[in-house]
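Undergrad: Quick one: sequence and predicted model below, then my questions.
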Amino acid sequence: MMYEYDQAAWHTTDRFNEDIVKRGSTREQIEAQGAQGYIVEPGDAGALTTTFFGVRDNRRFAIARYARSASGQISGGFVEPDSDSKLSPLADRMVDARSKAISEMATPNHGLCSPTQANSLVLPPDTEGVVSVYILTSTEVAGIYPAGGHYRFDYDADGKKISERRFMNTCFPLDTREKDGKAPEMVFLTHLLDPQPTEIHAFVSRNIPVPMAIGTIANKRIWGVSRGHIEYIEDIEEKN
């Protein structure tokens, strides 16, 4: 789910930038008109809707909307002046949650693993009404993906933070670049905070070109993670 929301944001942003150029405008001009960001929310028939929004008179308004279907097709465009430009209540709630999470990141003990701007990923309410916001360290060097520096903040239906967590205590960059003409076939990392791989491991595995082997220290197990699929491999045998 995280990967699909991330993909929707990525590809609709590309389309939005293309449409800006077609209108004879620039991103800077759009931002000068109050543009502030985007939010992805569930749409019709399995599609995901990305709304690029701005703020005017302390109220959010939609600048453009795009739907990305389950097959990857994108439709939509700029919101015309005579169209409804209000954000949905769900979109407003998700934007509010992200704003709170970004503020939390400015407090101590929320370090990232690269100087580049962090990525954010907001999921709609789960079955208990909780909105989860992920603040993710972004890549700085092509071929090196940070396994650490990622956080989740959970907010209830009233917008109150009910939990947060970091997913690793270290940055643990995964280097998948070729060395001496050879690309790695797998990357290995250890994990201290959980007895099994997390959603972050699954998400990272969809963004690197090789599988991961993960050793969970607490229960001494080895797991394989590839393209979002997590599989138990074996227990770690202790040598006398």
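TA: Done, it's in. Residues are numbered from 1 along each chain as shown.
Undergrad: average model confidence for stretch 6-25?
TA: Taken as a whole, stretch 6-25 has a mean pLDDT of 96.
Undergrad: I misspoke; the intended subject was stretch 223-237.
TA: Stretch 223-237 comes out at a mean pLDDT of 95.
Undergrad: What residues sit buried inside it?
TA: Residues of stretch 223-237 classed as buried by neighbour count (16 or more other Cβ atoms under 10 Å): W223, G224, V225, S226, G228, I230. Bear in mind the C-beta positions are built from the backbone N, C-alpha and C, glycine included.
Undergrad: hmm, who's touching stretch 227-240?
TA: 3, 196-197, 201-203, 205-206, 213, 215, 220-225 (Cβ atoms under 8 Å, 6 or more residues apart in numbering).
Undergrad: Just the buried ones among those, please.
TA: Buried, going by 16+ other Cβ under 10 Å: Y3, P197, H201, A202, F203, S205, R206, G215, R221, W223, G224, V225, out of the contacts of stretch 227-240.
Undergrad: Any buried residues in the helix or strand that contains the first one, and which?
TA: I take that to be Y3. Assigned by DSSP states H and E, Y3 falls within helix 2-22. Neighbour-count burial for helix 2-22 flags M2, Y3, Y5, D6, A8, A9, H11, T12, R15, F16, D19, I20 (criterion: 16+ other Cβ under 10 Å).
Undergrad: Centre of the chain to that helix, how far?
TA: Relative to the chain's own centre, helix 2-22 is displaced by 13 Å; criterion: Cα atoms, centre = their mean, to the nearest Å.
Undergrad: Stretch 86-102 now?
TA: Distance, stretch centre to chain centre, for stretch 86-102: 15 Å (Cα atoms, centre = their mean).
Undergrad: Can I get the buried residues of helix 2-22 in CSV including distance to G34?
TA: Listed next are the buried residues of helix 2-22 as CSV, based on distance: Cβ to Cβ, whole Å:
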residue, distance to G34
M2, 29
Y3, 30
Y5, 24
D6, 25
A8, 23
A9, 20
H11, 24
T12, 19
R15, 20
F16, 15
D19, 17
I20, 14
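Undergrad: Just the buried residues of stretch 223-237: which are in strands?
TA: Residues of the buried residues of stretch 223-237 located in strands (DSSP state E): W223, G224, V225, S226, I230.
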